[in-house]
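1. The following block contains a protein sequence and its predicted model.
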Amino acid sequence: MRRKKKKTIIAIVAVIVLGLAALVFFNLPKPVTAFDASFHLAQMADGTYPGSCDNGLVKVQVEVIVKNHTIVEVRLLKHDNGLGSAAEAITGTVVQRQSVEVDAISGATMSSKTILKAVENALSEGDVK
């Protein structure tokens with residue numbers, strides 16, 4: 001009787017562990033693709049450009065304000081993250097350097113890359129090429 005109970009408990013634990021492993025596996029973040037800063041600020045009209053990026057764990061919505069062919073502000077409208085709130089400071093670096101090709105914030109790499117991709121997406125949409 002004890003042996004049967006022990007096998008049942010082991011089977012239940014195995015099912016729980018496998019179920020949790022499957023949840024983790026299927027909810028892995030989608031990698032943020034490499035940055036392609038091919039947008040041309042010199043050709044971009046003044047305006048506010050919306051952009052977003054969702055990698056599965058981090059969701060970001062931004063507005064990028066361009067005036068006189070210069071990024072003057074990056075507004076972070078939505079940043080669903082775990083511990084990546086430190087990455088929000090990267091918007092200032094984007095404005096300062098006028099580029100999305102900046103280093104990620106240490107300890108908030110996933111959020112940093114997702115914010116940068118959202119900014120890139122906004123500027124790519126606004127580029128008239």
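-> That came in fine, so what should we check first?

2. tell me the secondary structure for the residue nearest the centre of the chain?
-> By Cα atoms, centre = their mean, the chain has its centre lying nearest to Thr114, at 2.0 Å. On the three-state scheme (DSSP: H, G, I helix; E, B strand; the rest coil), Thr114 is labelled helix.

3. Model confidence score at it, please.
-> With respect to pLDDT, Thr114 scores 94.

4. what do you get for the one 10 residues further on?
-> The predicted structure scores Ser124 at 87 on the pLDDT scale.

5. Grab the nearest non-local neighbour of it.
-> With sequence-adjacent residues excluded and distances taken as Cβ to Cβ, 6 or more residues apart in numbering, Ser124 is closest to Phe39, at 5.1 Å. Where you see a C-beta, it was placed from the backbone N, CA and C, and this is true even at glycine.

6. so how far is Lys4 from the one you found?
-> 66 Å (Cβ to Cβ, to the nearest Å).

7. The two - which one has more neighbours?
-> Neighbour totals were compared for Phe39 and Lys4, and Phe39 leads with 24 against 8 (other Cβ atoms under 10 Å).
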